[in-house]
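1. sharing a model prediction with you, sequence too.
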There are 6 protein chains.
Amino acid sequence: MDAARPDTRYERGLKNLAAIDGAAGERVIDALADVAPDFARLLIEFPFGDIYDRPGLDLRSREIATVAALAALGNARPQLEVHLHAALNVGVSREELIEILMQMAVYAGFPAALNGLFAAKAVFAERDAVAAGRAP
Amino acid sequence: MDAARPDTRYERGLKNLAAIDGAAGERVIDALADVAPDFARLLIEFPFGDIYDRPGLDLRSREIATVAALAALGNARPQLEVHLHAALNVGVSREELIEILMQMAVYAGFPAALNGLFAAKAVFAERDAVAAGRAP
Amino acid sequence: MDAARPDTRYERGLKNLAAIDGAAGERVIDALADVAPDFARLLIEFPFGDIYDRPGLDLRSREIATVAALAALGNARPQLEVHLHAALNVGVSREELIEILMQMAVYAGFPAALNGLFAAKAVFAERDAVAAGRAP
Amino acid sequence: MDAARPDTRYERGLKNLAAIDGAAGERVIDALADVAPDFARLLIEFPFGDIYDRPGLDLRSREIATVAALAALGNARPQLEVHLHAALNVGVSREELIEILMQMAVYAGFPAALNGLFAAKAVFAERDAVAAGRAP
Amino acid sequence: MDAARPDTRYERGLKNLAAIDGAAGERVIDALADVAPDFARLLIEFPFGDIYDRPGLDLRSREIATVAALAALGNARPQLEVHLHAALNVGVSREELIEILMQMAVYAGFPAALNGLFAAKAVFAERDAVAAGRAP
Amino acid sequence: MDAARPDTRYERGLKNLAAIDGAAGERVIDALADVAPDFARLLIEFPFGDIYDRPGLDLRSREIATVAALAALGNARPQLEVHLHAALNVGVSREELIEILMQMAVYAGFPAALNGLFAAKAVFAERDAVAAGRAP
């Protein structure tokens, strides 16, 4: 059983990645396949196998923290979009996401908040398009 | 009644600041008194009167977002300590704070997470000292 | 008259926004309308109603500070372009803007300066196109 | 005459450094003497010999830009203090510096503004102590 | 001979720029010609005439440092691409570049590493296209 | 043998940490013991067990990249000092470290370079004190 640990860690990460990031997470892994396949594996194992798998904090709170951090840093738009999807996937509402991004004006300035809100606008539109049966 | 709105906004901010940041928030306001008293007023009015007062997101989630953002930015240690206190004040547990800070290793790197964890260590020690009846 | 204060604060902000950012500022407010209308209001009230309205610093100096900060941060290209327009609107010359952006090489590195200079190049071209009667 | 150009560039930088940064600039140069003397020379030649020497922007505007950028970046406290002194040396008033730092709340967040204001408080106190004939 | 020093410094920089950044460096200089020609000169003189010309560190190590720094900062994609080319030009292998970028996950977070890896993917594809006789 | 993989990963990381960071690394692990012991384990396993253990880049190049990144980010002084020690431990010379830090002036600005150089000055003095038989 212990012998299976490394596989389990990877598999646990893969399962968490699918549950949290959904199709957006898979696209990142696919995009890494030809340039840095080992990094795809580490991305599954460490953030999703080690960190998101820990029981001490619920996924909703984890995604609130991630969206806030990425919006505040302001230099990771693709990852912010992935995690806006992820936050919606684990039960954070659109209204709550808007509040989190607005709050970033206090800690990282109005440009960071504005750019985060425009990322949310794009993500909401994409989900509405998918829900309406239109290609994203 | 509408005439009282500006005062209300300041008073609402002052009440929120006291409830969230406690004594640490008051110390910041006091420290601004001789150099930038208008900024003390704006700090009460905008972050605490406008943003934290909004009903769309609970205070617990707001503090999770703030702690994550400040730890990720990594250049605001005094404010991170204030909000680690604030998070504990509004019901985030020590264990949850540790999880949030550990998670920042994924989004802002291990140094940001480490420095956040050491800020938490200092805040926890300060609260233990106060609880034990010792001066902070 | 005091009863009108909240409206006045919003109206003062709207007037300052129009005078400083011009059409670019209006486009930002419009883009927020469907995703975060409350943030559009706060953006008018706090930066433009509270900060830019203060008498202690002339608008020319305020825009020099803003252009420098946004170029140095390097992660807010849309806002930098808005404020390059704004700086020109309040009397900073093109030559002075180039000097400010060049100076950022000293404090934030050559890439930040370069990206700021290319933003200025785009803004100047846009204004030349408008002045020549061509659509931006 | 042209043959003297390289010396002139260094000398021009030294003169500008003394006029702008004063004693604080000299202390930085001295501190570099045993670890990176070549960097001391480059610091005199490039920022002060090349950039601050250019005629296209007055020194007052240059220091406004520098204070804004350093406060916004938030990770260069010693250099921010040097340039708060410098800004005062070239004619920016204390009141104007407070306005610039307050304005940074809009572009880089309240923590950046707060930390900038506390740096200003320390610089003002240092200058008051010197003016009162007390050792800094 | 000493009279020629300023020209030599510029010429030395131009030679180093060509050897290190190649065509990508020239494109940057050209793009600056109409907006900030003096900055093009300073870019040649200071980074390439002063810094990269110093004998104390080999070019391979210099490019490793630059790629790491630009990927970690995360807000200078165009310059990161220029220096991924440069690193390959001075003997860093593709495999080594991937390792450097992966390592940035530890110090600047997974988004910074991911965005660096995708920049490398684009640069590698561009070089493969050129090698295959296709226009970049 | 495969069954021992997880232990091996931790042990590999511990061995690499000792070889690279030496006593400074151990102090970080010890300081985490009471506040976040799981993070101490992850720090050993991911950066040192996964990343630094990879054969595709020599340790000397890895430390050049890390020192450059930490100096450029400018908000991780304790970690920069640890890795200045580490770089010296794996064969980067003092002169080369000074060159790397000076070069950061180009990519992250003169304040980042200056603060990095002063960190190096402190690290060199600490090592000289130890070499001279004095307590650090």
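-> Great, that's in hand. Small disclaimer: the values here were computed from a predicted structure and weren't measured.
2. residue contacts, A:Pro78?
-> Contact criterion Cβ atoms under 8 Å, 6 or more residues apart in numbering or on different chains gives E:Pro111, E:Leu114, E:Asn115 as the residues in contact with A:Pro78. C-beta coordinates here come from the backbone N, C-alpha and C atoms, glycine included.
3. host element of the second one?
-> Read it as E:Leu114. Taking DSSP states H and E as the definition, one finds E:Leu114 inside helix E:110-131.
4. roughly how far out does that helix sit from the chain middle?
-> Counting by Cα atoms, centre = their mean, to the nearest Å, helix E:110-131 is centred 14 Å from the centre of its parent chain.
5. does stretch A:31-42 reach chain B?
-> No: using Cβ under 8 Å from any Cβ of the partner chain as the criterion, no contacts between stretch A:31-42 and chain B are found, and the smallest distance is 11.1 Å.
6. go through that stretch and flag the buried ones.
-> Within stretch A:31-42, the residues that qualify as buried are A:Ala31, A:Leu32, A:Val35, A:Ala36, A:Phe39, A:Ala40, A:Arg41, A:Leu42, counting by 16 or more other Cβ atoms under 10 Å in any protein chain shown.
7. contacting residues for the residue positioned nearest the centre of chain A?
-> For chain A, A:His83 is the residue whose C-alpha lies nearest the centre (Cα atoms, centre = their mean; 2.6 Å). If a contact means Cβ under 8 Å, 6+ apart, then A:His83 has A:Asp21, A:Glu63, A:Thr66, A:Val67, A:Leu70 as its contacts.
8. hmm, try it at 6 Å
-> Applying Cβ atoms under 6 Å, 6 or more residues apart in numbering or on different chains to A:His83 gives the contacts A:Thr66, A:Val67.
9. can you pull the residues of chain A lying near chain E?
-> Contact residues of chain A with respect to chain E, defined by Cβ under 6 Å from any Cβ of the partner chain, are listed as A:Val35, A:Ala36, A:Phe39, A:Asn75, A:Ala76, A:Gln79.
10. the third one reaches E:Met102, doesn't it?
-> I take that to be A:Phe39. Yes: with contacts counted by Cβ atoms under 6 Å, A:Phe39 reaches E:Met102, the gap being 5.0 Å.
11. domain assignment for chain A?
-> In terms of domains, chain A is parsed into A:7-54, A:57-136 (source: automatic domain parsing).
12. most tightly surrounded among those?
-> A comparison of these by mean neighbour count, using mean count of other Cβ atoms under 10 Å in any protein chain shown, puts domain A:57-136 on top with a mean of 22.
13. name the element A:Asp38 belongs to?
-> Taking DSSP H and E as the definition, one finds A:Asp38 inside helix A:37-43.
14. got the angle between whichever helix or strand comes after that helix and helix E:110-131?
-> Beyond helix A:37-43 in the direction of the C-terminus, DSSP H and E gives the next helix or strand as helix A:59-73. Compare the direction of helix A:59-73 with that of helix E:110-131 by axes from the mean of the first three to the mean of the last three Cα atoms, to 10 degrees and you get 60 degrees.
15. so A:Glu96 is in which element?
-> Using DSSP H and E, the element containing A:Glu96 is helix A:94-108.
16. so which elements touch that helix?
-> With contacts defined as 3 or more Cβ pairs under 6 Å, 6 or more residues apart in numbering or on different chains; DSSP states H and E, helix A:94-108 has these neighbours: helix A:59-73, helix A:110-131, helix B:59-73.
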